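*Asks:* quick one: sequence and predicted model below, then my questions.
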Protein chains: 2
Amino acid sequence: MYTKAENNQISVNSLIHDHKKCVTEALSIAERLCSLRGVQLTTIRYQVLELIWSSHKAVKAYELLDLIKPLQNAAKPPTIYRALDFLLEQGLIHRIESLNAFIGCNCSGHQHELLLLICKQCYEVEERPALKVMSALTEEFSDANFVTHSQAIEAHGLCAKCNELKS
Amino acid sequence: MYTKAENNQISVNSLIHDHKKCVTEALSIAERLCSLRGVQLTTIRYQVLELIWSSHKAVKAYELLDLIKPLQNAAKPPTIYRALDFLLEQGLIHRIESLNAFIGCNCSGHQHELLLLICKQCYEVEERPALKVMSALTEEFSDANFVTHSQAIEAHGLCAKCNELKS
DNA sequence: ATGTAAATGTTATATTATAACATTGCAAAC
DNA sequence: GTTTGCAATGTTATAATATAACATTTACAT
Ligand SMILES: [Zn+2]
Ligand SMILES: [Zn+2]
Ligand SMILES: [Zn+2]
Ligand SMILES: [Zn+2]
């Protein structure tokens, strides 16, 4: 559908589930949510979200810029960064700080603290509620008199599939 | 001693503890460790480590570059990035992914998984072992068949002191 | 002293992100 | 239906972060 950035990474999750369903669900939730909130999911914002959801891999801003150019000739860095800012504000995507990259959020609209499992081989990211981790964190914050909300915690390693393939 | 980058942030921790002790301890541990490991803590590397330890605030690579220029006229970006790479490899500093910045590690030489509490107001960073968090994480990784080691987990919020001052 | 690898110097450039201001498009108020 | 205001987008330029590539110097083992 869209030109896809070349890469040598093995993508496994995309083989073993109905990814079209991920995409259509994410997009329809986004539309519903924006409508409820009275904010505009414009064409550009929608296209960026769709491109981000083209896989479960973390994707970089300038990759998105290349991908959207066929659709939006005028696209320049601010085009992408503005759309990303909007999607982040609306909780529709996550920023992976350690990669300077982005992924779709699959629990949009919920208040959420979560754990991001980032595969350093295939760059796929799994989002997990990790309730025990989050409650241990909350306790630790309290012990440290540290005040905070809604953490996204990033962990790097090998996903199940990449680890299997390795052995 | 060194020219200090101007900033408007309130620094509190530096008022309530003997920070010189932090610095001398960190530097002597670094020397001992490098010597044991047979790696060279050269002048540049030592100076960068000392500059990073000038406070408990996260410090950026180009701030370090400005700070080291009076001491090393030839300093250019690679000068700093190489020293940072070395210090990271040796576990003497941490990189704060979410800030593109660095802090001294106060448990150098230990195997460590830890929690970094990053104050979004004063940029001071507190390093905590957070054993319960880490064991919950380990369990979560195992549930997810995710393979990883030695995580540094970053959390953003207000430190105790900044939070007191606010109210 | 000589050879070798590590460290540093140097130049250039890649990558990521934002500032600043102009233009467009759409909807509410008149 | 025009005016007005504001959000979104377009456009240009540049800031901030990081690395590649190659030359030179230094440390130090033999
Ligand atoms: Zn999917
Ligand atoms: Zn993987
Ligand atoms: Zn201190
Ligand atoms: Zn603080």
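*Replies:* Received, thanks. Ligands and ions are numbered 1, 2, ... in the order given.
*Asks:* get me the contact residues on chain A for ligand 1.
*Replies:* Within chain A, the residues that sit near ligand 1 (C-beta under 5 Å from the ion) are A:19, A:22. (Each C-beta comes from the backbone N, C-alpha and C, glycine too.)
*Asks:* 8 Å - rerun?
*Replies:* A:13-14, A:17-19, A:21-23, A:53, A:55-56 (C-beta under 8 Å from the ion).
*Asks:* let me have the residues you listed in TSV, extended by distance to ligand 3 and neighbour count.
*Replies:* Formatted as TSV, the residues of chain A next to ligand 1 follow (distance: C-beta to the ion, whole Å; neighbours: other C-beta atoms under 10 Å in any protein chain shown):
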residue	distance to ligand 3	neighbour count
A:13	44	19
A:14	48	14
A:17	49	10
A:18	53	8
A:19	49	15
A:21	52	9
A:22	47	17
A:23	49	18
A:53	45	23
A:55	44	24
A:56	42	25
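*Asks:* least confident pick among the residues you listed?
*Replies:* Lowest in pLDDT among the residues of chain A next to ligand 1 is residue A:14, which has 50.
*Asks:* can you pull out the helices in chain A?
*Replies:* Ranges of helices in chain A, per DSSP state H, are A:19-37, A:43-52, A:61-68, A:77-89, A:131-143, A:160-166.
*Asks:* taking helix A:77-89 as reference, get the angle to the second one.
*Replies:* Inter-element angle recorded for helix A:43-52 and helix A:77-89: 80 degrees (by axes from the mean of the first three to the mean of the last three C-alpha atoms, to 10 degrees).
*Asks:* right, and ligand 4 sits closest to which residue of chain A?
*Replies:* Residue of chain A nearest ligand 4, by C-beta to the ion: residue A:146 (9.2 Å).
*Asks:* spell out which parts of chain A neighbour DNA strand C.
*Replies:* Within reach of DNA strand C by C-beta under 7 Å from any atom of the strand, chain A has these residues: A:60-62, A:76-78, A:81, A:100.
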